[in-house]
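J.: prediction below, plus the sequence it came from.
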Amino acid sequence: MGRCYGDSALSAHIVDARSLNHFLDFDSSSGLLTVESGVTFDEILQVFVPRGWFLPVTPGTRFVTAGGALASDVHGKNHHVDGSFSDHVLWFDLFTASGQKLRCSRTENADLFHLSLGGMGLTGIVLALAFYMKPIETAYIRQHTVRCENLDETMAGLESYGNWTNSVAWLDCMAGGKAFGRSILMLGESAKLQELSPKQALNPLKIHSTKGIPFPIDMPSFTLNRFTVQAFNRVYFNKHPKGSQDSVVHYEPFYYPLDKVLGWNRIYGKRGFTQYQLVVPHQDARKGLQEVLELLAKRRMSSFLTVLKIFGEQPENYLRFPKAGFTLTLDFGIADSLWPFLNELDQVVEQYGGRLYLTKDVRMSADFLRRTYPMAQEFIDKLKEMDPVGTFRSLQSERLSIHA
Amino acid sequence: MKKNILLVGANSDVAQAIAKLRAENGHALWLTGRSLEALQPIVADLKLRYEVEVSAFVYDAETSNPEALILALPGLPDEVHLAMGYLGNPICIEDAAETTRIMTVNFTAAVLLMNALVRSLIQEKRNAVLVGISSVAGDRGRKSNFLYGAAKAGFSTYLDGLRNFGYAHGIHVVTVKPGFIRSKMTAGLPLPGPLTATPQQVAKAIVKAVRKRKGRVYVLPIWELIMLIVRNIPDFVFKKMNL
C-alpha cells in the first residue's frame, strides 16, 4: 500500500503486490487463514468479521497488506498479551533474490523465516502467508477509560491493567508541572454478546464502514503549532471526566480512529509529518520517558498525537522492533528545526537502552541502527550472503548502508 | 434468481473484477483459463470471499475445441463474459506465428466459441446475455497496434451482427470497448491517467450494461468522443500521423 511513514517502501523501482490479492484458504477449526501477500487487513475484516473472526494483531490502520504487516512485524494495542503480527504467522512463501520460491516456517528454512519477520522486505517478496485469526463473539469492544493525572499514574496504569488484552495511553505531551505526563488510558476487551446494547445486538458482527471522508485540502503548515496542539490536547484531556468510564464501542473507532478520514495527514500541510516511535526497556523507563518529554518541552517541540504503550516480552530477533518495555510514539510536522532535535532524542533513547521502529523511520543513521539493534550486523551479513548485490533494497536500506 | 455465469479468460484482471461483482450477488461462476493451476487462487478467493459455487475449466483459445468446453460445463450459462485477449507484439508483420496468435485469440477462437454457445442456447431455447470485451483499437487501425486492432474490429463487427441475430432468440449481446485498462496486459506501459480505467471500473460498467440491456459501451465516456474524432480524421491526414 506504500503506507510506511518513512522511506521503507520507497525506491527507484517498486514491486506493487496489490495484484496478489487472493484469499487462498481458511480452516475454520483452527482459524488458519492463507492469503496472498497483497490482501489488505481492510479486506480481511470485511470478509471475516461477519463470520466471527478478527485479526490476531492490528496496527492503527486497516490500510496495510498482510505481506507488509509481516515485513514490518506490526504490533497493536495487544502486544503485551498477544505479541506482534509475526508471532501468529505459521508460514509464508518467499520469492528470493536467487529467483527461488521458498516455503519458510519455524521448521522449514527457519533462518530465512526469522530474517524476514520485520525484515522490511529486504529478504525477498512474500507471495503468500498463513496466520491464525482470532475468534470473536461480536465486532464490539468493551472499553474502560481511565484518566491518569501524571506520568507515574500513566505508567502504573499501563502496568496494572496488563491483564486487559488491549491497552494504550493517549498522552498530553504539552502539559507541565503537576500534570506532566497526564493521559487518557484506554483499555479494551472483545465484547461478549450479552454485553451489547439492544441496538448493537441487532447486528453483533457488523463490519466497519467502507466509506471514508476525504480530508479536503493541505492545511497551511502553521495549523499545528505549539498553541493549537496544546489547546487540542487540553480539550481532549478534559473531555474525559476524572476517574474512569465504561462503554461498549465498535472496533472501528477503537482500533482505526484515523481511517475514517482519508488523507488525514494533510492536516500537516505540504511538508507533511514524520513519526518517531521509540521503545525503552522497563528498567529506567520512567526516567527515560521523562527525559524525552522534558526535551520536547525544552526545545519547544509539540507532538500532535502522542501515544504510550507497553510491550510484552519478545526474544531479540534481527530487525524486529518490539522488546519488553514502554513504547512512545510522537508525531511531528516537518520543519527544519526537527532534524537536529530528533538527533538529540536519539541520544536519550540510546542512553536508556532503547531503539526506533524502522517502519516509521525516515532519518536514523546507519550507526545508530547497528548500536541499538544488537542483531543488525548479523542480519546484514546474512542478507549479503544470500543476496550479494542487494536485489531487494529501499531508500531506507540504502540510507542505513545495509547493502554496502 | 441465481444465474450460472461463464467467464472465458478468467485469469484476466477484468474477468476477475466481473467475477467478484457477480459473486457478490450470489451467482454461480464457471471460470475458464489456459491452466487450472493458474485459476486455482482465483477460485479459492471467490469461494472464500463470497461463499458461492465456483468451478474451473481448461480452455485454450489456440488449442481447445469450443464444443468440448460446452460439453464439459454443468449446463448452459445464463450469462457469458468473453474476456480473453492477446495484445501481442504490436508490429509483427514479419512474424506469422505471432500474427496468427493475435488473430486466433482475439477473433477466430472468440467467434467460434460464441457461435457454439449461441447454437446450443437456441437449440435449448434458452435466453442469455453474451458480453464480448472488444477494444477501441478496433475502431480505426493505427500503425502502433493494427493487427490487434484488426482482430478486435472483426470481433466488434461480429458482436454487432450477433446482437441483431440473437434478438429474435432472446439472446442479448453486449460489445464493450474499454480503452486503456490498468491490468496485467498493460503492465509496465505508460498509460495516460485520465484515459485509463481500472478493471473494477470496467467490470462495473459491464454489469450495468448487462442490467440495462445496453448494446455497446465505452467504459469511460471520454473514449466515445476520442474515437469519434479518430474515426473522422481524413485519411490523407491520418496516414501521416503517429498514433
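T.: Yep, that arrived. Since the model is a prediction, treat every value here as computed from it, not as a measurement.
J.: quick one: average confidence on the host helix or strand of B:Leu69?
T.: Using DSSP states H and E, B:Leu69 maps to helix B:66-72. Averaged over helix B:66-72, pLDDT sits at 96.
J.: how does chain A divide into domains?
T.: What automatic domain parsing lists as the domains of chain A is A:17-136, A:140-368.
J.: about what we covered before: what sits up against the helix holding B:Leu69?
T.: B:32, B:57, B:59, B:76, B:109, B:112-113, B:115-117, B:120 (Cβ atoms under 8 Å, 6 or more residues apart in numbering or on different chains). Any C-beta I mention is one placed from the backbone N, CA and C, and that applies to glycine too.
J.: pull out the buried positions in it.
T.: B:66, B:69-70 (16 or more other Cβ atoms under 10 Å in any protein chain shown).
J.: follow-up on the earlier one: farthest-separated two in the contacts of helix B:66-72?
T.: B:Leu76 and B:Ala109 (19.3 Å; Cβ to Cβ).
J.: okay, and which of the contacts of helix B:66-72 map to strands?
T.: B:32, B:57 (DSSP state E).
J.: are any of the contacts of helix B:66-72 buried, and if so which?
T.: Buried among these (16+ other Cβ under 10 Å): B:32, B:57, B:59, B:76, B:109, B:112-113, B:116-117, B:120.
J.: can you count the residues close to B:Trp201?
T.: Quick fix: residue B:201 reads Gln, not Trp. Neighbour count for B:Gln201, taken as other Cβ atoms under 10 Å in any protein chain shown: 17.
J.: identify the residues contacting the nearest residue to B:Leu6 once chain neighbours are set aside.
T.: Distance criterion Cβ to Cβ, 6 or more residues apart in numbering or on different chains; nearest residue to B:Leu6, sequence neighbours excluded, is B:Pro77 at 3.9 Å. B:Pro77 makes contact with B:3-6, B:30, B:117, B:128 under the criterion Cβ under 8 Å, 6+ apart.
J.: which strand or helix spans whichever residue of chain B sits closest to chain A?
T.: Of all residues in chain B, B:Asp45 sits closest to chain A, at 3.7 Å by Cβ to the nearest Cβ. Per DSSP H and E, B:Asp45 falls inside helix B:36-50.
J.: what average pLDDT does that helix get?
T.: The model assigns helix B:36-50 a mean pLDDT of 97.
J.: then stretch B:202-217?
T.: Mean predicted lDDT for stretch B:202-217 stands at 95.
J.: which residues are contacting it?
T.: B:14, B:17-18, B:20-22, B:79, B:81, B:129, B:131, B:133, B:160, B:163, B:172-178, B:181, B:197, B:219.
J.: count the residues that sit near A:Ala110.
T.: Using other Cβ under 10 Å: A:Ala110 sits among 11 other residues.
J.: the residue in the stretch 101-250 of chain A positioned nearest to chain B: what's it in contact with?
T.: Chain B sits closest to A:Ala128 of the stretch 101-250 of chain A, with a gap of 8.4 Å, by Cβ to the nearest Cβ. Counting by Cβ under 8 Å, 6+ apart, A:Ala128 touches A:20, A:24, A:34-37, A:92-93.
J.: so which of those residues sit within strands?
T.: Going by DSSP E, the strands hold A:24, A:34-36, A:92-93 from those.
J.: nearest to chain B among these?
T.: Lowest distance from chain B to the ones in strands among the contacts of A:Ala128 (Cβ to the nearest Cβ) belongs to A:Leu24, with 5.0 Å.
J.: for the closest residue in space to that closest one that isn't next to it in sequence, give me the pLDDT.
T.: Leaving out its chain neighbours, the residue that sits closest to A:Leu24 by Cβ to Cβ, 6+ apart is A:Thr34, at 4.2 Å. pLDDT for A:Thr34: 98.
J.: quick check: beta-bridge partners of A:Thr34?
T.: Beta bridges link A:Thr34 to A:Asp25, A:Ala130 when assigned by DSSP bridges.
J.: hmm, it is touching A:Asp25, no?
T.: Yes. Distance between A:Thr34 and A:Asp25: 4.0 Å, which falls inside the contact criterion (Cβ atoms under 8 Å).
J.: neighbour count: the two, which is higher?
T.: Between A:Thr34 and A:Asp25, counted using other Cβ under 10 Å, A:Thr34 has the larger neighbour count: 23 against 15.
J.: wait, what's in contact with that one?
T.: Per Cβ under 8 Å, 6+ apart, neighbours of A:Thr34: A:23-26, A:128-130.
J.: out of these, who has the most neighbours?
T.: Counting neighbours by other Cβ under 10 Å, A:Leu129 leads the contacts of A:Thr34 with 26 neighbours.
J.: name the helix or strand for A:Ala128, please.
T.: Using DSSP H and E, A:Ala128 falls within strand A:125-132.
J.: how far does the next helix or strand after that strand sit from its chain's centre?
T.: Proceeding N to C from strand A:125-132, the next assigned helix or strand is strand A:134-135, under DSSP H and E. Relative to the mean C-alpha coordinate of its chain, strand A:134-135 is positioned 20 Å out (Cα atoms, centre = their mean, to the nearest Å).
J.: can you name the element that comes right after strand A:134-135?
T.: Remark: after strand A:134-135, the chain's next helix or strand is strand A:140-148, criterion DSSP H and E.
J.: with that, I have no additional questions.
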